[in-house]
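Novice: Sharing a model that was predicted from the sequence below.
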Amino acid sequence: MTRFVSFPQRAETISPFHVGDDLVDADSRTLVMGILNTTPDSFSDGGKHHDIVAACAHAIAMRAAGADIIDVGGESTRPGAIPVSAKDEIARVIPVVEAIAATGLVSVDTMKSEVALAALDAGAHLINDVSALRFDPKMAGLLAERGVPVVLMHMQGMPGTMQKDPQYGDVIEDLLSFFRERIEFAMKAGIRESQIIVDPGIGFGKTVEHNYRILRELGRFRELGRPILLGTSRKSLIGAILQKPPEARVLGTAATVAIGISNGANIVRVHDVAEMIDVIRVSDACRAGK
């Protein structure tokens, strides 16, 4: 008997998000966020873009390859990572932001309001907060005052301890409850709903099984009505299957990106922009029935 299989449909329409007075549509076309780590110790590319010349060259290359957003990070959030001071994070991030802000949308990956303020003053357009505004009590007020978008990511625990023994009643329902609470918190602080993006936090306080279930059921998060950012690039859920080091997980990443888009992702955060652009274009065409 012939069995027909189709891609899941995106049941809920996701509204565009505001960047200043501009609207960015992340539902008709998947947006690409290129990862630019200016850290010496990130899990995959630590040290490669630690100086400003190398960082800017990589940013320009990702932009040329098709990155819609460059996400600059100055503090590693890999499992077991040691926190760094705001001063050190600013020293790593701000020169890069100043150099690339005019090329297009720039995000800064930080939990610290001091770093976020310096980044916004340097020309950054949005803040990617892996703590979902829980780490720094000043962050929400700052983002509301400056009127910039924020990525609210789910993380159980903190980077230093998050992978010790992650536990959930039901990982999907627990994350949905978390995001509803965090969205409400952000809006009460004055952040517009149209400036909120959600990220289920693949690899942040989750087992391999949790991560794959989130990927399979990603469409559930469209119930929130906000754009979904998916970050699977080179992560351990891929390594657990392929038994390969991070730099050899490009094709595994491609599989998760394609599945993520078919299941509802609006923005994909990746290291290998040039390689993923083809995956994204074909996945978008399949999803749209073109």
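Specialist: That came through fine.
Novice: Tell me the spacing between Pro166 and Ile14.
Specialist: Distance of Pro166 to Ile14, computed by CB to CB, to the nearest Å: 28 Å. Backbone N, C-alpha and C define where each C-beta goes, glycine included.
Novice: where do the strands sit along the stretch 1-150 of the chain?
Specialist: 17-19, 22-24, 31-37, 69-73, 105-109, 126-129, 150-153 (DSSP state E, counting those that start in this stretch).
Novice: didn't Asp25 look like it was pressed against His18?
Specialist: No: counting by CB atoms under 8 Å, Asp25 sits too far from His18 to count as a contact (11.4 Å).
Novice: which of these two has more neighbours?
Specialist: Set Asp25 next to His18 and count neighbours by other CB atoms under 10 Å: His18 wins out with 18 against 13.
Novice: Can you give me the distance of the more buried one to Leu31?
Specialist: As defined by CB to CB, His18 lies at a distance of 14 Å from Leu31.
Novice: same question, Val208
Specialist: According to CB to CB, Val208 and Leu31 sit 27 Å apart.
Novice: and what of Ser236?
Specialist: 24 Å.
Novice: With Asn128 instead?
Specialist: For Asn128, the distance to Leu31 - CB to CB - is 13 Å.
Novice: between these two, who's got more neighbours?
Specialist: Ranked by neighbour count (other CB under 10 Å), Asn128 and Leu31 place Asn128 first, with 26 against 22.
Novice: my read: that one touches Ile69, true?
Specialist: No: between Asn128 and Ile69 there is no contact under CB under 8 Å: 9.1 Å.
Novice: got any residues that touch both of the two?
Specialist: Residues touching both Asn128 and Ile69 by CB atoms under 8 Å, 6 or more residues apart in numbering: Ser107.
Novice: Flag the shaky bits of the stretch 151-290 of the chain, pLDDT-wise.
Specialist: Confidence mapping of the stretch 151-290 of the chain against pLDDT under 70 gives the ranges 159-160, 162, 289-290.
Novice: For it, just list every one of the helices.
Specialist: In the stretch 151-290 of the chain, the segments counted as helices under DSSP state H, counting those that start in this stretch are 171-188, 208-216, 236-242, 250-262, 273-288.
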